[in-house]
Each structure stands twice: as C-alpha cells, then as structure tokens.
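In: Below is the structure, and that's it, no one-letter string:
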C-alpha cells in the first residue's frame, strides 16, 4: 500500500487532505487498482487436476493463506471480508466500475466538505 492510500482503500493525492477542493473535477483522482487476489473455485480445481502431484500443496497453501488473512483481519478488529466479484467478460463489468468510481467520488466529496 502506498503512503497516500489509506487502509480503507480510498485514494488521495499527496497533500489533498490538507487542502479543500474547489470542484468535483479537482477530486477526480480515482484510479483502478489491483487490490485483491481472487481465485475462482473452478480454476483452483482445474489447477489441482492439471497438477495432481501438487493438489495437496495447492489446497494447503490456500487454507494457510485464508487462515492467516482471516486472523489478521480479526486481530485488527475487522469482520470477515465480503466482496462482490464481476468478471471482465460480463456485460455489466464497465457499469460496475462506473458505480465504484461514483461511490468513491461521492465519499471523497463528503469527506472534503466536512473537513
């Protein structure tokens, strides 16, 4: 995570928390980021079938990663992570990105207006 990306995932330009924007356009710093790793269950099964000698290792690695990240979230006082995943070949993919960007800009504007 960069110095300018708070833990909750909203992006800000350096110094932007100290200045008040004059317009929504000034706040339009939304960028798509690769912030999550998602593994489709059918892809995991296909990988295990393709590499049967590593199937147990794959399963163990995934379980360990799940346990470690769940424990880290719990320790940080966070609940289980719940997400909505939309694959890039779905017709609604770009519409969903537009909704995410609109949500970001609205939240950023509200946060700026309150400061």
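Out: On my side now, so go ahead. Everything numeric in this text was worked out from a predicted model, so none of it was measured. Numbering: from 1, shown residues only.
In: Please make it C-alpha for all contacts and neighbour counts, starting now.
Out: OK.
In: can you map out the helices along this protein?
Out: Secondary structure of the chain by DSSP state H: the helices cover 24-27, 41-50, 55-75, 93-114.
In: Mind listing what's buried along the second one?
Out: Buried residues in helix 41-50, defined by neighbour count with 16 or more other Cα atoms under 10 Å: residue 48.
In: Contacts made by it with the rest, please.
Out: Identification of contacts with helix 41-50 by Cα atoms under 8 Å, 6 or more residues apart in numbering yields 54-55, 58.
In: go again using 10 Å as the cut-off
Out: Applying Cα atoms under 10 Å, 6 or more residues apart in numbering, the external contacts of helix 41-50 come out as 40, 51-52, 54-59, 62.
In: And the average pLDDT for that helix is what?
Out: Across helix 41-50, pLDDT averages out at 96.
In: follow-up on the earlier one: please convert the helices of the chain to TSV, extending it with distance to residue 86.
Out: As requested, the helices of the chain are exported to TSV (distance: least, Cα to Cα, whole Å):
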stretch	distance to residue 86
helix 24-27	26
helix 41-50	14
helix 55-75	21
helix 93-114	6
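In: what's the least confident stretch among those helices?
Out: Lowest mean pLDDT of the helices of the chain: helix 24-27, a mean of 49.
In: Any of the contacts of helix 41-50 buried? List them.
Out: Here, 16+ other Cα under 10 Å leaves 55, 58 buried among the contacts of helix 41-50.
In: Make a markdown table out of the contacts of helix 41-50 and add distance to residue 87.
Out: Below are these laid out as a markdown table (distance: Cα to Cα, whole Å):
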| residue | distance to residue 87 |
| --- | --- |
| 40 | 10 |
| 51 | 25 |
| 52 | 27 |
| 54 | 27 |
| 55 | 25 |
| 56 | 27 |
| 57 | 27 |
| 58 | 23 |
| 59 | 23 |
| 62 | 21 |
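In: Just give me the closest of the contacts of helix 41-50 to residue 31.
Out: Comparing the contacts of helix 41-50 against residue 31 with Cα to Cα places residue 40 closest, at 24.3 Å.
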